[in-house]
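J.: dropping the sequence and predicted coords here.
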Amino acid sequence: MKKRAAKSATKSPTRSRAKAPAKTPPPAAGLSHLDAHGNARMVDIGGKPETQREAVAEATVVMDEATWALVAAKEIPKGDVLSAARLAGIMAGKRTPDVIPLCHPLLLSQVDLTFQAAPDGDGKTALRILAVARCIGQTGVEMEAMTAAAVAGLTVYDMCKAVDRWMTVRDVRLLAK
């Protein structure tokens, strides 16, 4: 076996110079979240002015009329479905950057959810969930509103699945910004 020579303790340490990060390539044509090489990147919003931002989104949960009757009467075994869905939607809107990788963290001034039930035919009820998100910031709140609506819909599904396995959550979409 060869022995390795011990490094001299008297040798002066070399200074490593950190290289400045390379300048981010410009975005791909028309896609602000992709650089010129097609890599995902966070958009720089630093130069944009702060303005009032608002977005409205919706999701729909379709369930049996009998399930809706239990929800409306607050008789679902897991508890008050609409209150839980409202809180879940608000919490989800506030946590959007934690689950959508390129979203900027925003200081939301409001996330509000409302519910409207209407007959959907064939013994079904469509529960329309409207989510409104607001802030004063440099970028929009569309993803926060859509996340709030989607999570509220999933919460309704979770709380009612024991009595209605055939529910659907559909039409998560942005209505206005």
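T.: Cool, got the structure.

J.: how near is the closest residue to residue 80 other than its chain neighbours to residue 108?
T.: Spatial nearest neighbour of residue 80, excluding adjacent residues (Cβ to Cβ, 6 or more residues apart in numbering): residue 74 at 5.1 Å. (Each C-beta comes from the backbone N, C-alpha and C, glycine too.) Relative to residue 108, residue 74 is positioned 28 Å away (Cβ to Cβ, to the nearest Å).

J.: repeat that for residue 162.
T.: Taken as Cβ to Cβ, the span from residue 162 to residue 108 is 33 Å.

J.: so for the two, which residue has more residues nearby?
T.: The neighbour comparison of residue 162 against residue 108 (other Cβ atoms under 10 Å) goes to residue 108, with 20 against 10.

J.: does the more buried one touch residue 143 like I think?
T.: No. Residue 108 is beyond contact range of residue 143, at 11.4 Å (criterion: Cβ atoms under 8 Å).

J.: please enumerate the shared neighbours of the two.
T.: Common contact partners of residue 108 and residue 143 (Cβ atoms under 8 Å, 6 or more residues apart in numbering): none.

J.: what bridges to residue 52?
T.: Counting by DSSP bridges, residue 52 forms beta bridges with residue 136.

J.: if we can go back for a sec, confirm that the residue nearest to residue 80 sits in a helix.
T.: No. Assessed with DSSP: H, G, I helix; E, B strand; the rest coil, residue 74 is coil; it does not lie in a helix.

J.: what's the burial count for it?
T.: By other Cβ under 10 Å, neighbour count at residue 74 equals 11.

J.: angles on the backbone of it, please.
T.: Summarising the backbone geometry of residue 74 under the convention degrees, to the nearest 10, its torsions are phi 60, psi 40.

J.: one more: residue 126?
T.: As for residue 126, its main-chain torsions (degrees, to the nearest 10) stand at phi -100, psi 120.

J.: what of residue 49?
T.: With angles defined as degrees, to the nearest 10, residue 49 sits at phi -80, psi 150.
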